[in-house]
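>>> what follows is a protein structure lacking sequence information:
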């Protein structure tokens, strides 16, 4: 995979969130993602979770509305090492400041107990036993919370503050916190995304890199049609091919039958000039024009509702639809929007805009764009009854 240079104030502009997971592989470091609207946050989280990115660690997702919100400044975790000189009372003072509670016997995370020169601390899912000899850490062990028996001996351990107990004396904005924690911030701006590397001033990059994309057909289960295109891209166009297949093994089996070589890999370890298979889902297919990479989203086309043509069925702009009252179909079915054309229904979601809460149907279009249709506007939709075909692109 191509790499984005980690220069100060570098922005990278890309088309939509479907490209962002691939860009994450080019970034190679943890980053923050800022959705332009609160309703986009859940979609962003789903995209990154599907890519196997760890929310809150590899990527943090927030909304542009939150950037100026003041939040408490929480100190970083403290590293303690074996043979480190530190007074037991000073470590206890730190635990108290971090929000840990003293108990007679530890039962829950965020508690500590003291027996002579032996300090037990339950932090971040691990029960540590820190043994002192005077003002020096003699040994650090991990302990079984059930039987308090030794599991392992460590060279060091990390104790982190408990966010909901730590009493902060200073505050900062969400934006400043993200800039401090992450070298890269991805900002969603309506129809495009911008990635800022090592921000020094909010959204004022000095170098701009354009990541241009071109649409590519989604093939779903048409593997026999797809594979010649994969080979053509590599041999005739000198491209690198990346196929996101989810849990499907159909492409692997077909390539093996045809004796075509491929690589099973991850999104951040792409082999150039080869067919790469990533066993994760992706919402759209596209080409990274300047990087020479063609990305395919491959899966099984979902079953379409079995609608029988009758006097109410019609055809418009090449799309077969039922001109009767719209019925919410199974998730994954194709539907027609009067304005946006053929999309895929992926589910319902209740969202709040201002002070009003409504339920919306979510439609996905080619390129990864999503349209939210309120349930009180279902007159804009028709049930699609034609053969499976490529989604329209907004």
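That came in fine, so what should we check first? Computed from a prediction, not measured in an experiment: that's the story for all the values here. Residues are numbered from 1 along each chain as shown.
>>> any idea how far the longest strand anywhere in the chain is from the chain center?
The longest strand of the chain (DSSP state E) is strand 341-353. Offset of strand 341-353 from its chain centre (CA atoms, centre = their mean, to the nearest Å): 19 Å.
>>> stretch 68-79 too?
With CA atoms, centre = their mean, you get 23 Å for stretch 68-79.
>>> mind listing what's buried in that stretch?
For stretch 68-79, burial by neighbour count (16 or more other CB atoms under 10 Å) applies to residue 74. In this view, the C-beta of every residue, glycine as well, is placed from N, C-alpha and C.
>>> which residues touch that stretch?
94, 98, 156-161, 163, 166, 168, 170-175, 177 (CB atoms under 8 Å, 6 or more residues apart in numbering).
>>> try it again at 7 Å.
94, 156, 158-161, 163, 166, 168, 170-175, 177 (CB atoms under 7 Å, 6 or more residues apart in numbering).
>>> pLDDT (mean, whole number) over it?
Mean per-residue pLDDT for stretch 68-79: 86.
>>> what's the answer for stretch 172-186, then?
Mean predicted lDDT for stretch 172-186 stands at 80.
>>> how long is that stretch end to end?
Length of stretch 172-186, first residue to last, CA to CA, to the nearest Å: 20 Å.
>>> follow-up on the earlier one: partner strands of the longest strand of the chain, with direction?
Under the criterion DSSP bridges, strand 341-353 sits next to strand 334-337 (antiparallel), strand 356-364 (antiparallel) in its sheet.
>>> picking that back up, so which of the contacts of stretch 68-79 are in strands?
Counting by DSSP E, the contacts of stretch 68-79 contribute 156, 158, 159, 171, 172, 173 to strands.
>>> among the residues you listed, name the buried ones.
Buried among the ones in strands among the contacts of stretch 68-79 (16+ other CB under 10 Å): residue 159.
>>> between the ones in strands among the contacts of stretch 68-79, which sits nearest residue 47?
Checking the ones in strands among the contacts of stretch 68-79 against residue 47 by CB to CB gives residue 173 as the nearest, at 25.5 Å.
>>> distance of that closest one relative to residue 72?
12 Å (CB to CB, to the nearest Å).
>>> confirm residue 34 sits in a strand?
Yes: secondary structure of residue 34 (DSSP: H, G, I helix; E, B strand; the rest coil): part of a strand.
>>> what about the residue lying closest to it once chain neighbours are set aside, neighbour count?
Using CB to CB, 6 or more residues apart in numbering and skipping residues adjacent in sequence, the residue nearest residue 34 is residue 187, 4.7 Å away. By other CB atoms under 10 Å, the residues close to residue 187 number 21.
>>> which strands or helices does whichever strand or helix holds residue 187 pack on?
Assigned by DSSP states H and E, residue 187 belongs to strand 184-189. Strand 184-189 sits against strand 31-35, strand 192-197, with contacts defined as 3 or more CB pairs under 7 Å, 6 or more residues apart in numbering; DSSP states H and E.
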